[in-house]
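Colleague: structure for the following, please:
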Amino acid sequence: MSAITDVKCVLTQKALDAFCNKFYIPKEVHPILPNQNDTMHERPAGKIGLYTRFFDFANFRLPLSTFLVDVLRHFGMNISQLSVIGAAKVSQFEILYRVYGIIQTVGLFRCFYVNSKKSGWMSFSKRSDNASVCYTKPLDSLKNWNGHFFWVDDFACPAFFLWHTAKHVTRDPAPVAVDFNAQDYATLVAHPPPFQKFPEAFLCLVGLSRHYTLNEETYPRFLHKNKEEMDITAFIHTSDPTKVRNFEREQNEGEAWLLDTTIGRTVPLLLVAPDRAESELKASVKKLFDECSSGNQTEQGDFIGGGQDANIQPVVEAADTTVEDVAPV
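Modeller: Modelled structure (predicted):
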């Protein structure tokens with residue numbers, strides 16, 4: 001693999017325009033094409049770089065996930081230096097939180113992953129060779145990903161850190177017992193799914209995407225080939241979730257709109273500048289949620305604070321799994 005400082009952008013303007021339309025890149029972040037000889041670490045002032053595979057392989061969207069930002073903050077990583085495989089490990093973990101009804105903490109993520117660096121890119125590796133994992137097959141490589149990137153305004157990612165230039169990284173210490181729930185750890189060890197590419201409706205359901213194309217008064221449902229409804233635990237274990245039949249169910253009486261239940265899981269795309277009037281800022285916020293949400297914000301418990309999602313029903317049996325793989329516990 002070439003070093004990150006040597007890889008130049010191979011995207012064309014036409015390809016970037018098509019990509020932004022396909023993955024709903026908001027105009028508020030002003031996506032632009034790098035110059036011909038730009039590399040990822042030479043981004044312009046006020047911009048950050050994002051790889052296209054960050055979206056179509058790692059399942060992330062703009063606005064960014066607050067969990068991703070929390071992970072970047074803990075490890076002190078610049079998002080432009082994060083490899084796509086590293087990003088995919090973070091998004092898969094966030095999906096497991098939602099599907100299994102687990103309280104979201106960076107501490108639990110750290111039980112399975114430690115920071116690493118290769119050829120200039122930051123990523124996450126297993127804690128040790130004999131450590132337990134939360135996936136069925138590792139992500140070893142991904143071809144032709146690092147030359148496809150573009151710039152967006154840096155306020156899209158509130159976790160800002162300088163470029164890591166040292167050859168090696170300081171290894172993150174293993175979490176201690178107070179950093180995570182032992183039963184949550186056991187659940188992930190007992191029910192590991194594969195890494196998958198997921199459809200937009202599912203990403204909306206778990207809060208990674210805010211571009212909901214179904215009727216705002218419906219929820220997505222997934223069907224087996226025999227037309228029986230599939231719960232989301234079975235859904236993430238299918239060989240190809242993008243090929244599962246996707247239908248809509250009517251919103252139940254008194255049930256919140258889907259996107260209202262996921263408010264708080266993504267970073268607001270609001271550039272706060274001193275020369276902008278308060279009325280303009282309020283209008284920007286209203287416009288953002290009018291476009292990305294159903295409008296009526298309800299007081300659903302924020303899962304980040306430990307509340308159980310009312311509209312995602314986890315289907316998990318208790319697992320008789322110990323946590324001996326995490327040394328400090």
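Colleague: so Glu248 sits in a strand?
Modeller: Yes: using DSSP: H, G, I helix; E, B strand; the rest coil, the assignment for Glu248 is a strand.
Colleague: run a quick neighbour tally on the residue nearest to it when sequence neighbours are not counted.
Modeller: Nearest non-adjacent residue to Glu248, counting by CB to CB, 6 or more residues apart in numbering: Thr218, 3.9 Å away. Yep, even glycine has a C-beta here, placed from its N, CA and C like the rest. The tally of other residues near Thr218 (other CB atoms under 10 Å) stands at 16.
Colleague: gap between Thr218 and Cys204?
Modeller: To Cys204, Thr218 is 11 Å away according to CB to CB, to the nearest Å.
Colleague: touching both of these two, which residues are there?
Modeller: When contacts are counted by CB atoms under 8 Å, 6 or more residues apart in numbering, Thr218 and Cys204 have Leu258 as shared neighbours.
Colleague: all helices of the stretch 101-250 of the chain, in order?
Modeller: Per DSSP state H, counting those that start in this stretch, the stretch 101-250 of the chain carries helices over the ranges 106-112, 182-190, 200-206, 232-236.
Colleague: how about those in JSON lines, adding mean neighbour count?
Modeller: Converted to JSON lines, the helices of the stretch 101-250 of the chain look like this (neighbours: other CB atoms under 10 Å):
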{"stretch": "helix 106-112", "mean neighbour count": "23"}
{"stretch": "helix 182-190", "mean neighbour count": "19"}
{"stretch": "helix 200-206", "mean neighbour count": "23"}
{"stretch": "helix 232-236", "mean neighbour count": "20"}
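Colleague: what's the closest of these to Pro34?
Modeller: Each of the helices of the stretch 101-250 of the chain has some distance to Pro34 by CB to CB; the shortest is helix 200-206, at 26.6 Å.
Colleague: avg pLDDT for that closest one?
Modeller: Averaging pLDDT along helix 200-206 gives 95.
Colleague: ok so, going back, what's across from the residue nearest to Glu248 in the sheet?
Modeller: Listed beta-bridge partners, Thr218: Glu250 (assigned using DSSP bridges).
Colleague: touching, it and Gln251? I think so.
Modeller: Yes: counting by CB atoms under 8 Å, Thr218 touches Gln251, with 6.1 Å between them.
Colleague: quick one, the helix ranked longest in the chain and helix 182-190 angle?
Modeller: Using DSSP state H, we find that the single longest helix of the chain is helix 84-100. Orientation of helix 84-100 against helix 182-190 (axes from the mean of the first three to the mean of the last three CA atoms, to 10 degrees) gives an angle of 120 degrees.
Colleague: follow-up on the earlier one: can you put the helices of the stretch 101-250 of the chain in JSON lines and add distance to Pro44?
Modeller: As requested, those are exported to JSON lines (distance: least, CB to CB, whole Å):
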{"stretch": "helix 106-112", "distance to Pro44": "30"}
{"stretch": "helix 182-190", "distance to Pro44": "40"}
{"stretch": "helix 200-206", "distance to Pro44": "29"}
{"stretch": "helix 232-236", "distance to Pro44": "38"}
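Colleague: hmm, back to that, the residue nearest to Glu248 and Glu229: what is the separation?
Modeller: The gap separating Thr218 from Glu229 is 14 Å, by CB to CB.
Colleague: what sits closest to the residue nearest the centre of the chain if chain neighbours are left out?
Modeller: When the chain is reduced to its mean C-alpha position, the nearest residue by CA atoms, centre = their mean turns out to be Ser91, at 3.7 Å. Distances taken as CB to CB, 6+ apart put Asn59 closest to Ser91, at 4.4 Å, once the chain neighbours are dropped.
Colleague: can you count the residues close to Pro220?
Modeller: A count of neighbours around Pro220, defined by other CB under 10 Å, yields 19.
Colleague: confidence score at it?
Modeller: We note a pLDDT of 94 for Pro220 in this prediction.
Colleague: any idea how far it lies from His211?
Modeller: 13 Å.
Colleague: mutual contacts of these two, please.
Modeller: By CB under 8 Å, 6+ apart, the residues touching both Pro220 and His211 are Cys204.
Colleague: ok, Ser119 to Phe161 distance?
Modeller: Going from Ser119 to Phe161 by CB to CB gives 19 Å.
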